[in-house]
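Enquirer: what follows is a predicted protein model with its sequence.
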Amino acid sequence: MEKVISAKLYFTVWAALMCLTAATAALSYVNMGALSPVVALVIATVKGSLVVLFFMHAKYIDVKTTVLVIVAGFFWLTILLLMTMTDYITRAWS
Amino acid sequence: MSDSSEALATHELRHHFENMEQQRGASSMGMWVFLVTEIMFFGGMFMAYLAYRYEYFVAWQEGSQHMNFWIGTVNTAVLICSSLTMVLAVLAIQQGRRRLTSVMLAVTICFAMAFMVLKGMEYHEHWLAHEFPGSAFHFAGIDPRHVEMFFVLYFVMTGFHALHVLIGIGLVSTMLYMNERGHFSADYHNPIENTGLYWHFVDLIWIYLYPLLYLIGHHHVS
Amino acid sequence: MATASAITAEREHYLNADYGFRSWLLTTDHKRIALLYLISITFFFFIGGFFALLIRLELLTPQGDLVQADTYNKLFSMHGQVMIFFFLIPAVPAVLGNFLVPMMIGAKDLAFPRINLLSWYLFIIGGGLMLYTILTGGVDTGWTFYVPLSTAYLGTHVVLAAVSIFIAGFSSILTGLNFIVTIHRMRAPGMTWGRMPLFLWSNYATSIIQVLGTPVLAISLSLVGLERMFHLGVFNPQLGGDPLLFQHLFWFYSHPAVYIMILPGMGVVSEIIPCFSRKRVFGYEFVALASIGIAVLGFLVWAHHMFVAGISLYSAMVFSFFSYLVAVPSAIKVFNWTATMYKGKIYYSTPMLYAMGFIGLFTMGGMTGLFLASLGVDVHVTDTYFIVAHFHYIMVGGMVMAYLAGMHFWWPKISGRMYPEAWGKLAALTIFIGFNLTFFPQFVLGWTGMPRRYHAYTPEFQVLNVLSTAGSTVLAVGYLLPMVYFLWSLRYGKEAGDNPWGAAGLEWKTASPPPTYNFEETPVVTWEAYNYDDLPKEVPVVG
């Protein structure tokens, strides 16, 4: 019932995380204008997903409700960020 | 070995649960629910960052350039390594290898302490450069008022993160102690798994703090 | 009556299973923890009530002649903080929820009994700090802690109050966490989601809000504390800090908080109405999903507290739209309760009187919420007594009455005794009259322009203020009555038996008071909730 993941997979994920870190650090020297923060956050999200899915075993959880819990947490954070920003972004329109 | 660990496991079954599987499932779910509260707690700080970045875009670029890129990058790598050793500790105890578990937990603590030392050096550097908010703050570049706000967010966000790293060191140390006392086995190791979840979460927060604080204005460095 | 206590004392149950301070202060039995909470929140209710009486006393006359303006600011601040964080938020979940959730799902305890005890200790520590804050001068920030007033301009114990609420918030988070895991993982065999009593659905929805919202309050208060203590001024205007940022973060929790307060009360009403109508709940699925709907939609409306604070008009329209929408699930519940009662055999027992009062008063409070969702009207009545009346109709006319309904309904189960029914009805009536006399005039006062949080007012408002204060004294008497007769019933009350109301639900299938482990054997559930068709039409006790 408890899935045991191999050390090899963990090392692979670790290597991917280290490479992505190097990549995002290197890319920060490149001027991509408005795209720079987007690229950095996309890479961060990929890294974060690797941590959540493999290190935190989210990919192997058999209890669907726990997955729901995780999704709900990020969704609610999005509500906070997005809806508050509707105020900041549209203030200048008034 | 398996007899005694099974006995250990049954001994650990709390009376209100029907069986170990229910207990494990509940324990794991409880930990995730707790982590969701942490997402929302840090979420408030990310909100403040986002709002002010939108309002004071230039100051944010400016402030970010005064971050120590190398300490930030090395610390990111340090935390990722600590996450690896933490998950290897969980793997080790799943296989009943107590010795290896202790070693991995100890290495995790070492990485965590390295993070704290580097952070401390970084904070000290900022202090000497008059970049700590308050009456001692002095910034010679553009828009010093809002750059000071950037530093406020920097210290608040990394400060709360560092507090969580400290708590994590305490938790992992407790797991190490309990493991050395023979408390865990292949059949029973929920607390180590839950500590692992906490530790990975701390890593996850840093994975976002790093680009937001260190990388955004970086390409402007002439 | 010595015979009655002798009979109860022969059988072992959770009250007599063990004696002594340690057995109570170190208990992990959810039922004992519920009683620990009961004593604590009752204490804080009277502290908060005391401040309310002082406020009403001051407002008897137009002049500010009882206390100075600064002191008055402290009175309403402490009234709000104590009532909200140390009474309303924990009341139903931590007392009735703790007691009943495991029993209603057929479990021996909550998922994490020791964390349950920890949550009570956190509540006590937070409460102790709040008491200390009060005794050393209190705070005058309002319960809302707005910046930069709270961060830069006040010399009162802001940090202390913030810390006390932070800790109490943690207590709330742990309770919610416990309920979520318990309801997901510990239901008895056969107890599907569709067979759960609605009280569980309501507490589940409440727990979602507690877990997702309270941490944002925690960070808001932390940031205020950090600014005051370490000059890390996230809200400092000199550094470009935005007072509205605080308000966004504060209300992101504090609006859903009002649903933390009301949802459990709705759960109580959903249990009482079918029992005293002898009918199953009309539209069970709708009521269940409406609870979840309230929890979710409740997170999308918070800036309706900021319509006049300076947010963008376009953003305000979005929040206004969602504020209208959030009324829908509440209305669905009201329709379903009413439909449950239709053609039922109604028994006007004390719990039923409170529940019916809840439906009426909550509806009034809720409908005035629709007035406030409208941007134009809100501009006119913000910061007037209209708002004060609106939320007191929901919180006092709604929530406190629901709490009393629940306490009367489950008192036999908790104590093994019946309270005296005649006194129960008298208290309910007194409270209903006192409540309306206190708060209805405040709608008129607010509409005609009396501002809130002022200790003085212009003379034309005096008559209604005097009526309101008179009502508050009647209300106070009404609240004291149950204190007296519940205590009386512990010694002299009639023995209750397992199921004095003939009610549906697993908690009524075990003894009153229940044994420590709730059930002799884990029940296997094969019937739907509210199976009143299979239960006697007569209510044994009231019948």
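Expert: Okay, I see it. Numbering: from 1, shown residues only, chains lettered A, B, ... in the order given.
Enquirer: which ones are touching C:Gly233?
Expert: C:Gly233 is in contact with B:Pro133, B:Met149, B:Val152, C:Thr151, C:Glu227, C:Leu239, C:Gly241, counting by CB atoms under 8 Å, 6 or more residues apart in numbering or on different chains. Just so you know, the C-beta spots here come from the backbone N, C-alpha and C atoms, and that holds for glycine as well.
Enquirer: the first one contacts C:Val234, doesn't it?
Expert: Going back to what we said before, that points to B:Pro133. No: checked against CB atoms under 8 Å, the pair B:Pro133 and C:Val234 is beyond contact range at 9.7 Å.
Enquirer: quick one on the thing from earlier: can you redo the contacts of C:Gly233 as TSV with distance to chain A and secondary structure?
Expert: Formatted as TSV, the contacts of C:Gly233 follow (distance: CB to the nearest CB, whole Å; DSSP: H, G, I helix; E, B strand; the rest coil):
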residue	distance to chain A	secondary structure
B:Pro133	22	coil
B:Met149	15	helix
B:Val152	18	helix
C:Thr151	19	helix
C:Glu227	19	helix
C:Leu239	17	helix
C:Gly241	14	coil
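Enquirer: can you pick the most crowded of those?
Expert: Neighbour tally across those (other CB atoms under 10 Å in any protein chain shown): the maximum, 30 neighbours, falls on B:Val152.
Enquirer: check that residue and give its pLDDT.
Expert: Looking at B:Val152, its pLDDT reads 97.
Enquirer: pLDDT below threshold where in chain A?
Expert: For chain A, applying pLDDT under 70 flags the ranges A:1-3, A:94.
Enquirer: now do the helices in the stretch 201-350 of chain C.
Expert: With helices called from DSSP state H, counting those that start in this stretch, the stretch 201-350 of chain C shows them at C:243-275, C:284-297, C:313-325, C:327-341, C:350-373.
Enquirer: buried deepest among those, which one?
Expert: Greatest average neighbour count among the helices of the stretch 201-350 of chain C goes to helix C:243-275 (a mean of 26), per mean count of other CB atoms under 10 Å in any protein chain shown.
Enquirer: just checking, what packs against that one?
Expert: Where contact means 3 or more CB pairs under 8 Å, 6 or more residues apart in numbering or on different chains; DSSP states H and E, helix C:243-275 is packed against helix A:64-90, helix B:20-55, helix C:198-230, helix C:284-297, helix C:327-341, helix C:350-373, helix C:401-415.
Enquirer: overlap in contacts, B:Pro133 and C:Val234.
Expert: Joint contacts of B:Pro133 and C:Val234 (CB under 8 Å, 6+ apart) are B:Val152.
Enquirer: make CSV from the helices of the stretch 201-350 of chain C and add mean pLDDT to it.
Expert: Below are these laid out as CSV (pLDDT from 0 to 100):
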stretch, mean pLDDT
helix C:243-275, 97
helix C:284-297, 97
helix C:313-325, 96
helix C:327-341, 97
helix C:350-373, 97
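Enquirer: I'd like those laid out as a markdown table, including distance to B:His124.
Expert: Output for the helices of the stretch 201-350 of chain C, formatted as a markdown table (distance: least, CB to CB, whole Å):
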| stretch | distance to B:His124 |
| --- | --- |
| helix C:243-275 | 30 |
| helix C:284-297 | 46 |
| helix C:313-325 | 42 |
| helix C:327-341 | 54 |
| helix C:350-373 | 51 |
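Enquirer: interface residues of chain A facing chain C?
Expert: A:65, A:69, A:72-73, A:76, A:79-80, A:83-84, A:86-91, A:93-94 (CB under 8 Å from any CB of the partner chain).
Enquirer: and the buried ones among these, selectable in ChimeraX?
Expert: Applied in ChimeraX, the following selects the buried portion of the residues of chain A next to chain C according to 16 or more other CB atoms under 10 Å in any protein chain shown:
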select /A:69,72,73,76,79,80,83,84,86,87,88,90,91
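Enquirer: which among the residues of chain A next to chain C are in contact with chain B?
Expert: A:Thr65, A:Val69, A:Ala72, A:Gly73, A:Trp76, A:Leu80, A:Thr84, A:Tyr88, A:Ile89.
Enquirer: which one of the residues you listed sits closest to C:Ala504?
Expert: Nearest to C:Ala504 among those, counting by CB to CB, is A:Thr65 at 26.6 Å.
Enquirer: who touches that closest one in this structure?
Expert: B:Met29, C:His184.
Enquirer: please read off the pLDDT at whichever residue of chain C sits closest to chain B from the model.
Expert: Residue nearest to chain B within chain C: C:Ile219 (3.4 Å; CB to the nearest CB). What the model reports as pLDDT for C:Ile219 is 97.
Enquirer: neighbours around it, how many?
Expert: Neighbours of C:Ile219 (other CB under 10 Å): 25.
Enquirer: doesn't C:Phe250 make contact with it?
Expert: No: judged on CB under 8 Å, C:Ile219 makes no contact with C:Phe250 at a distance of 10.0 Å.
Enquirer: for chain B, which residue gets nearest to chain C?
Expert: Counting by CB to the nearest CB, chain B gets nearest chain C through B:Gly44, at 3.4 Å.
Enquirer: and that residue, what does it touch?
Expert: B:Gly44 touches A:Leu80, C:Pro215, C:Val216, C:Ile219, C:Ser220, C:Leu223, C:Leu249, C:Phe252, counting by CB under 8 Å, 6+ apart.
Enquirer: the same query, at a cut-off of 10 Å, please.
Expert: A:77, A:80, C:215-220, C:222-223, C:234, C:245, C:248-250, C:252-253 (CB atoms under 10 Å, 6 or more residues apart in numbering or on different chains).
Enquirer: ok, now A:Cys19?
Expert: A:Lys47.
Enquirer: now the helix or strand harbouring it: buried residues?
Expert: Element membership for A:Cys19 (DSSP states H and E) is helix A:7-27. For helix A:7-27, the neighbour count (16+ other CB under 10 Å) marks A:Tyr10, A:Val13, A:Trp14, A:Leu17, A:Met18, A:Leu20, A:Thr21, A:Thr24, A:Ala25, A:Leu27 as buried.
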